[in-house]
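Asks: predicted structure and sequence below. I'll ask about it afterward.
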Amino acid sequence: MPTLAPYASDPARSRGRLHDMGGGETRGPRDAFQRDRDRIIHSISFRRLRHKTQVFVAPDGDHFRVRLTHSLEVAQIGRTVARALGLNEDLTEALCLGHDIGHPPFGHAGEEALEAAMAEAGGFDHNAHTLRMLTKLDSPYPAHEGLNLSWETLEGLAKHNGPVKKPTWAMAEIDGAWPLDLDGWASAEAQVAALADDIAYDNHDIDDGVRAGLLTLEQALEDPLIRSNWDRVRVRYPDVPTRRLLGELVREQIGCMVNDLLAESRRRLDDTAPRSVEDVRAAGRPLIGFSDGMAAREKALTRFMYANLYHHPEQIEIAGRMGRVIAGLTALYKAQPDKLPDRWREALPAGEPARTRHIGDFIAGMTDRYALNRHAELIGPVESDGF
């Protein structure tokens, strides 16, 4: 077991869980963060990620990424970085695996549509919904709602992208039940999880975009970061056909970004010299991050991907149709709640905004395929192009 740095999160010093587990059940030699990771992996909400959009809606191809495979790739990068920095790998892995559980069907198109459909009830935010799923909706245990995760895991999921200055209704509700210090920074493990997410989707989406034919390698090489890494790959493999080098380009990109992240994070940690995880939270700025140069290149790469892949005309057209699926289902269930499954209909609140939020919970939990099938059954089929 690697030696933890003094600023790493220590499961023996965890702030505990909202619901007392008692002392009778150990179920194996696992600490608090290992148990959190395992609870996430065994949850229904984690399993549903295999049929939720990463870039492409309900893809026919077996090689395209979905939310589940993306989360696994984020966890691999996160564990590597955590180990190199002396952080807690199990907490990092739990945060990486759980960070996208709150996504509705159809990715960002689905989120935007659900946000609009729930506007009068306070809207929808996938990060807050992740906490809602794990503390309330996914309830496999007889003694309490939710997975009863440790404070550190919930804090990291809430704040992995930084302090939450204006929490949505869902986040505020969770924070009211168990304060997560939303206006401060999270642990170094949570900061690693956020950057691992960026590294994974920045680079794996290039791979999927080229495989799908929506992005060409020639287009990708217009980005300076991709071009510099491609040139290094070409020097190493001058005689290998281009089609066989896409995977090597992605690996080169990830390695370049991880190495920069490690070097810059070590510099910040050396300068700040935190002696505990509380020192990390009190630093007033992130202690895990890219150098200024890499941060600028990463932002440029993100802009490039939006312009050339995420906002590709085919993607926009599909996103519009999927948004109408979400809007249509929301309107239908509000007007005809008898169409809800028995369990959801029986628990439907009488008044607003709880009623709309309950329907939003149901729709947000759907997979792409389930949402498409319910729309076809209750409203009518959507066009099949792109599926």
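Replies: In hand now; what should we look at?
Asks: I'd like the distance between the residue lying closest to residue 169 once chain neighbours are set aside and residue 241.
Replies: Residue nearest to residue 169 in three dimensions, not counting chain neighbours: residue 122, with 3.8 Å by C-beta to C-beta, 6 or more residues apart in numbering. Where you see a C-beta, it was placed from the backbone N, CA and C, and this is true even at glycine. Per C-beta to C-beta, to the nearest Å, residue 122 is found 53 Å from residue 241.
Asks: of the two, which one has the most company?
Replies: Using other C-beta atoms under 10 Å, the more surrounded residue of residue 122 and residue 241 is residue 122, with 18 against 7.
Asks: pLDDT score for the more buried one?
Replies: On pLDDT, residue 122 comes in at 97.
Asks: and the residue of the chain positioned farthest from its centre, how far is that from residue 160?
Replies: Distance to the chain centre peaks in the chain at residue 239, reaching 38.3 Å (criterion: C-alpha atoms, centre = their mean). According to C-beta to C-beta, residue 239 and residue 160 sit 43 Å apart.
Asks: cool, residue 104 as well?
Replies: The gap separating residue 104 from residue 160 is 19 Å, by C-beta to C-beta.
Asks: can you pull out the low-pLDDT segments for this protein?
Replies: 1, 22-26, 58-61, 383-387 (pLDDT under 70).
Asks: could you redo the last one with a cut-off of 80?
Replies: Residue ranges of the chain with pLDDT under 80: 1-2, 21-28, 56-63, 383-387.
Asks: need the contact list for the residue nearest to residue 169.
Replies: By C-beta atoms under 8 Å, 6 or more residues apart in numbering, the residues touching residue 122 are 168-170, 353, 357.
Asks: go again with 7 Å.
Replies: Residues in contact with residue 122 (C-beta atoms under 7 Å, 6 or more residues apart in numbering) are 168-169, 353.
Asks: swap in residue 205?
Replies: Residues in contact with residue 205, defined by C-beta under 7 Å, 6+ apart, are 55, 305, 309.
Asks: likewise for residue 361?
Replies: Applying C-beta under 7 Å, 6+ apart to residue 361 gives the contacts residue 137.
Asks: in a helix, it, correct?
Replies: Yes. Under DSSP: H, G, I helix; E, B strand; the rest coil, residue 361 falls within a helix.
Asks: that one and residue 191: what is the separation?
Replies: Residue 361 is 29 Å from residue 191, by C-beta to C-beta.
Asks: next: residue 142.
Replies: Residue 142 is 35 Å from residue 191, where distance means C-beta to C-beta.
Asks: those two: which has the busier surroundings?
Replies: residue 191 (26 against 5).
Asks: can you pull the contacts of the more buried one?
Replies: 160, 286-288.
Asks: closest to residue 373 among those?
Replies: In terms of C-beta to C-beta, no member of the contacts of residue 191 lies closer to residue 373 than residue 160, at 32.8 Å.
Asks: looks like that closest one contacts residue 194 (just checking).
Replies: Yes. Counting by C-beta atoms under 7 Å, residue 160 touches residue 194, with 4.3 Å between them.
Asks: output the strand or helix carrying residue 322 as PDB, restricted to C-alpha atoms.
Replies: Assigned by DSSP states H and E, residue 322 belongs to helix 313-335. What follows is helix 313-335, C-alpha atoms only, in PDB (Å, rounded to 0.1, in the frame of the first residue of the first chain):
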ATOM      1  CA  PRO A 313     -24.600  19.600 -37.800                       C
ATOM      2  CA  GLU A 314     -25.500  15.900 -37.400                       C
ATOM      3  CA  GLN A 315     -25.000  16.200 -33.700                       C
ATOM      4  CA  ILE A 316     -27.100  19.300 -33.400                       C
ATOM      5  CA  GLU A 317     -29.900  17.700 -35.400                       C
ATOM      6  CA  ILE A 318     -30.000  14.600 -33.200                       C
ATOM      7  CA  ALA A 319     -29.700  16.800 -30.100                       C
ATOM      8  CA  GLY A 320     -32.800  18.700 -31.200                       C
ATOM      9  CA  ARG A 321     -34.800  15.500 -31.700                       C
ATOM     10  CA  MET A 322     -33.700  14.100 -28.300                       C
ATOM     11  CA  GLY A 323     -34.600  17.300 -26.600                       C
ATOM     12  CA  ARG A 324     -38.100  16.900 -28.000                       C
ATOM     13  CA  VAL A 325     -38.200  13.400 -26.600                       C
ATOM     14  CA  ILE A 326     -37.400  14.700 -23.100                       C
ATOM     15  CA  ALA A 327     -39.900  17.600 -23.400                       C
ATOM     16  CA  GLY A 328     -42.600  15.400 -24.700                       C
ATOM     17  CA  LEU A 329     -42.200  12.800 -21.900                       C
ATOM     18  CA  THR A 330     -42.200  15.500 -19.200                       C
ATOM     19  CA  ALA A 331     -45.400  17.100 -20.600                       C
ATOM     20  CA  LEU A 332     -47.100  13.700 -21.000                       C
ATOM     21  CA  TYR A 333     -46.400  12.600 -17.400                       C
ATOM     22  CA  LYS A 334     -47.500  15.900 -16.000                       C
ATOM     23  CA  ALA A 335     -50.700  15.800 -17.900                       C
END
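Asks: how about residues contacting it?
Replies: Outside helix 313-335, the residues that reach it (C-beta under 7 Å, 6+ apart) are 57, 106, 109-110, 112-114, 117, 214, 309, 339-340, 356, 359, 363, 371-372, 374-375, 378-379, 382-383, 386.
Asks: one more time with 6 Å, if that's ok
Replies: Under the criterion C-beta atoms under 6 Å, 6 or more residues apart in numbering, residues 57, 106, 109-110, 113-114, 117, 340, 359, 363, 371, 375, 378-379, 382, 386 lie in contact with helix 313-335.
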